[in-house]
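*Asks:* Let's see this in three dimensions:
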Amino acid sequence: MASSGPDRPIIHGGMPTQLPDVDPDETQDWLRSLDQMVDERGRDRARYVMLRMLERSRERAVGMPALRSTDFINTIPPEREPEFPGDEDIERRIRWNAAVMVSRANRPGLGVGGHIATYQSAASLYEVGFNHFFRGKEHPGGGDQIYYQGHAAPGIYARSFLEGRFDESALNNFRQEKSQGEGKGLPSYPHPRLMSDYWEFPTVSMGLAAINSIYQARFNRYLENRGIKDTSEQHVWTFLGDGEMGEPESLGAIGLAAREQLDNLTFVVNCNLQQLDGPVRGNGKVIQELESFFLGAGWNVIKVVWGREWDDLLARDTTGALVNQMNRVPDGEFQTLSIETGAYNREHFFGPDPELAKIVEHLSDEDIEKLPRGGHDYRKVYAAFESARKHKGQPTVILAHTIKGWLLESFMARNATHQMKKLTNDDLKTFRDRLRIPITDEQIDSPDGAPYYHPGADHEDIRYMLERRRELGGSLPSRIVRAKPLTLPEEGAYADLRKGSGKQQIATTMAFVRLLREFMKDKQIGQRIVPIAPDEYRTFGMDSMFPSAKIYSPHGQTYESVDRKLLLAYKESEQGQLLHEGISEAGAAASAIAAGSAYATHGEPMIPVYLFYSMFGFQRTGDSFWAMADQLSRGFLVGATAGRTTLTGEGLQHADGHSPLIARTNPAVVHYDPAYAFEIAHIMRDGLRRMYGDSDHGGSSFGEDVIYYLTVYNEPINQPAEPEGVDVEGILKGAHRYAASPIEGDAPARILASGVSVPWALQAQATLAEEYGVAAEVWSVTSWNELAREAEAAERWNFNHLAEEPRTPWITTKLGEGGPTIAVSDYMRAVPDQISRWVPGTWTSLGADGFGFADTRAGARRYFQIDAESIVVAVLASLGREGRIDAKVAQEAFDSLRIDDPTAVAGVKQEGADA
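*Replies:* Okay, here's the model as predicted:
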């Protein structure tokens, strides 16, 4: 054999190209043996032996690198399959009701849609799970957590119907949640907010189920490692589509699952080779591609590709011709082969190679046509699930080869399947025959449409189904709230924020963190606080928590940190409380979802406090916050470094001028934009009460299903002490008068300001009084959003009670008659403009509209015309338009203060520069 030299390629990929050979003679013996095998037995035999050697080396813990992919065959060979303990005929019949339900939902005059094909491809996967693996809420270990594929919801409803959880009218009201009466319809997809005692996880926003389930499995370990709950017997099962795996979130966190050895997690990818409108990888092989991704990330991969009828053919494949063909054929061709005749398959799949043709010469064309995909074979699926649940040290992904619309004659594997909703009577009759459902042709042809199939509560099929669920811990899906209200912190926890900061300047972000530290020390709720940040703990001044609370790591800290000699050294611990998510807002949001719903999933109320760069919250992970709301999660989202001009040294992409508007679109999010620490104290106290205290909202005595979102700033100011007799109701409703006019005046002007703009408003108030003799009062608007919501609710009530005395929006009554109103914030004008029509008198808003940029705070605020001087001019201009002062005064002020010139403040030293 020729030795390696300069004319020979260097082989990488885990090969020993640069390691010394301690026994060259022994090495040459092995290499000569391989050469001889290739020469005498062929490449296929040599390949087989090499793969077996690799397998044995792993069994002996030699530590060989993983293959990037394996052959396109089942991972578990027939001889290692456990006996299937179920009844396949019984478990198959559920498909009928799912198809009929969607077909009925598309009857003439209704046509509300629905999806048939996804569940038909995945039904075997679900039935094996329901009957043999998925543990319910009554299981002694606490029960499993299952993320159902969104488009498969009809099949899950159909199963619940057979279990007696729904009647026929519920199935007939699929996708009619209001028109048939409140609570009588079924939602399209898994939505806990719409069915809060049934669905547990929202999954139809594709990609989020994958990342959220990873962080759910991780949070289960977090609870266990911190001693809050034993979750060792709880498993997370996540059902995904192969097309869905194209979403970045689907694969974005698989490395975390492997790194933290989440063997309590199994992905089941329903690989029917189709996305919504066509093949996933028509020219490639998506199962092989996904296998490479997951193997590279460190997962245990189990492929379920071929049904049991292929076992005999593979046993006959002594030359490797069949395996080679399976490896070669792309998905687009397999999609075609799955719906063509046996004769077509014989000619196009087996025919080109004489060795292949010989393998199937004993089979009829009908036999070839019936050769099944592995994802529909209960025995193969059971073996995969059993292996996944027993596997230790890694998460598992099961890649199950299926056919979209399986058993539906005109649906199977068609590119348009996702849009196909209605079955013809001939389709239904063929489907009935394949499932052996005792329904007649006359019943199917009746004007009312094909009936549902329910053989009665005493039938063996139903008894079998119910008995399997009893043994596994009760029916699923199921969402049960067992949590009790928490004992919340006493008033002393808020004292520090209420007394102000004295001569010290602190930003509202720091004030919030101080309160958070008090919460974490509380004997009742301290251990239930879950601080979450995406690699920004030091930015938010939270590094002081490192030594005491520590950063959660399932492996502890196996190294000496570079800053170990510092007082605030980085410290990881298996019992750590801080979730430090790296540079991943999506991961941090997923942790917030898992923690915020633990009161339901685990019966353990946990309080997530997720802090993030304000710009990278609702803008970047808004869809995750929708999932958080849909999952009925609770907790605190904190947009630190808020505002468009407060962090201007960072520039455009960090300048948040619009997050309150995005938050406003989410009905569950309660947004506050506090100016001062004492406001934060009242808001947080109320948030804990509403979400974790006694409540009759949301159908539970345990809190309300809302999420608190606070925007806080990094600009240090002297935090004032709480004013005596402060209007707490106003703070919580959304606005309170913070400073009356320092001078008397008829109908003084009102300056409504929020967050970091309140100090500018106070400065403007003083200037107006001292230099222009104008009276103005300053209101701190803690929530433009909540004011607008309350006003809209009043309008809606009025619309629905036309004969009754109309209600007046709270802000209208609160403000009363007065002079002109100037609204200002560090956000775009659309934020305060939400309430403009309910404010008496003339309205002017100032805001930071447009793109942000890097500059000083003073320069940026002058550019956007929202600083104190701009407020002064705005008040004067409003008074001038009303004829209460000479209109020239405003123009003179504009000119003298150079309101249109950012360079006018370029040399001004800013109070409270960035710390």
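
*Asks:* Now residue 652. Nearest residue, chain neighbours left out?
*Replies:* In space, residue 652 comes closest to residue 852 once its chain neighbours are excluded; the distance is 4.7 Å by Cβ to Cβ, 6 or more residues apart in numbering. C-beta here means a position set from N, CA and C on the backbone, and glycine is covered the same way.

*Asks:* Secondary structure element for the one you found, which one?
*Replies:* Assigned by DSSP states H and E, residue 852 belongs to no helix or strand.

*Asks:* Could I get the full set of helices for the stretch 451-600 of the chain?
*Replies:* Shown for the stretch 451-600 of the chain, the helices assigned by DSSP state H, counting those that start in this stretch span residues 460-472, 495-498, 508-521, 585-596, 598-601.

*Asks:* Nearest to residue 238, out of the ones you listed?
*Replies:* helix 585-596 (12.3 Å; Cβ to Cβ).

*Asks:* Buried residues of the closest one, list them for me.
*Replies:* Going by neighbour count (16 or more other Cβ atoms under 10 Å), the buried part of helix 585-596 is 585-596.

*Asks:* So which of these is the closest to residue 440?
*Replies:* Nearest to residue 440 among the buried residues of helix 585-596, with distances taken as Cβ to Cβ, is residue 593, at 48.2 Å.

*Asks:* Does that closest one touch residue 630 like I think?
*Replies:* No: with contact defined as Cβ atoms under 8 Å, residue 593 does not reach residue 630; the gap is 9.5 Å.

*Asks:* and stretch 364-376, how far apart are its ends?
*Replies:* 21 Å (Cα to Cα, to the nearest Å).

*Asks:* right, I mislabeled it, should have said stretch 553-560
*Replies:* First-to-last distance for stretch 553-560 - Cα to Cα - comes to 15 Å.

*Asks:* mean confidence score for that stretch?
*Replies:* For stretch 553-560, mean pLDDT is 92.

*Asks:* Please apply the same query to stretch 742-749.
*Replies:* pLDDT averaged over stretch 742-749 gives 89.

*Asks:* Tell me the buried residues in it?
*Replies:* Going by neighbour count (16+ other Cβ under 10 Å), the buried part of stretch 742-749 is 745, 748-749.

*Asks:* Next, format these as JSON lines and append secondary structure.
*Replies:* What follows is the buried residues of stretch 742-749, written out as JSON lines (DSSP: H, G, I helix; E, B strand; the rest coil):
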{"residue": "745", "secondary structure": "coil"}
{"residue": "748", "secondary structure": "coil"}
{"residue": "749", "secondary structure": "strand"}
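
*Asks:* which of the residues you listed lies closest to residue 66?
*Replies:* residue 749 (71.2 Å).

*Asks:* quick one: that closest one and residue 776 touch, right?
*Replies:* Yes: the criterion here is Cβ under 8 Å, and residue 749 meets it with residue 776 at 4.3 Å.

*Asks:* so what's in contact with those two at the same time?
*Replies:* Taking Cβ atoms under 8 Å, 6 or more residues apart in numbering as the contact rule, residue 749 and residue 776 both touch 768, 819, 875.

*Asks:* Assign a three-state SS to the first one, would you?
*Replies:* I take that to be residue 768. helix.

*Asks:* Helices of the stretch 701-850 of the chain, residue ranges please.
*Replies:* 728-733, 758-772, 784-800, 810-815.

*Asks:* Packing partners of the first one?
*Replies:* Using 3 or more Cβ pairs under 8 Å, 6 or more residues apart in numbering; DSSP states H and E as the contact criterion, the neighbours of helix 728-733 among helices and strands are helix 677-692, strand 735-739, helix 784-800, helix 810-815.

*Asks:* which of the residues in the third one are buried?
*Replies:* Looking back up the chat, that one is helix 784-800. Neighbour-count burial for helix 784-800 [16+ other Cβ under 10 Å]: 784-791, 794.

*Asks:* quick one: average confidence on that helix?
*Replies:* The average pLDDT within helix 784-800 is 98.

*Asks:* Could you list every helix and strand in contact with it?
*Replies:* Helix 784-800 sits against helix 659-664, strand 669-672, helix 728-733, helix 810-815, with contacts defined as 3+ Cβ pairs under 8 Å, 6+ apart.

*Asks:* Tell me which of the ones you listed is the most buried.
*Replies:* Using mean count of other Cβ atoms under 10 Å, the stretch among the helices and strands packed on helix 784-800 with the largest mean neighbour count is strand 669-672, at a mean of 25.

*Asks:* Pull the residues that contact it.
*Replies:* By Cβ under 8 Å, 6+ apart, the list of residues contacting strand 669-672 from outside reads 625, 629, 637, 660, 663-664, 679, 683, 687, 690, 706-711, 782-783, 785-786.

*Asks:* Could you do stretch 834-847 as well?
*Replies:* 657, 664, 750, 752, 784-785, 787-788, 791, 809, 811-812, 815-825, 827-833, 864-866, 870-871, 874, 877-878, 881-882.

*Asks:* Write the ChimeraX selection for whichever of those residues are buried.
*Replies:* In ChimeraX, this line selects whichever of those come out buried by 16+ other Cβ under 10 Å:
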select :657,664,750,752,784,785,787,788,791,809,811,812,815,819,820,821,822,823,824,825,827,828,829,830,831,832,864,865,866,870,871,874,877,878
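
*Asks:* Which of the contacts of stretch 834-847 fall within strands?
*Replies:* Of the contacts of stretch 834-847, the ones assigned to strands by DSSP state E are 750, 752, 821-824.

*Asks:* quick one, what contacts the closest residue to residue 748 other than its chain neighbours?
*Replies:* Spatial nearest neighbour of residue 748, chain neighbours left out: residue 775 (3.7 Å); criterion: Cβ to Cβ, 6+ apart. Contact analysis of residue 775 by Cβ under 8 Å, 6+ apart lists 741-746, 748-749, 768-769.

*Asks:* Many thanks, I have nothing further to ask.
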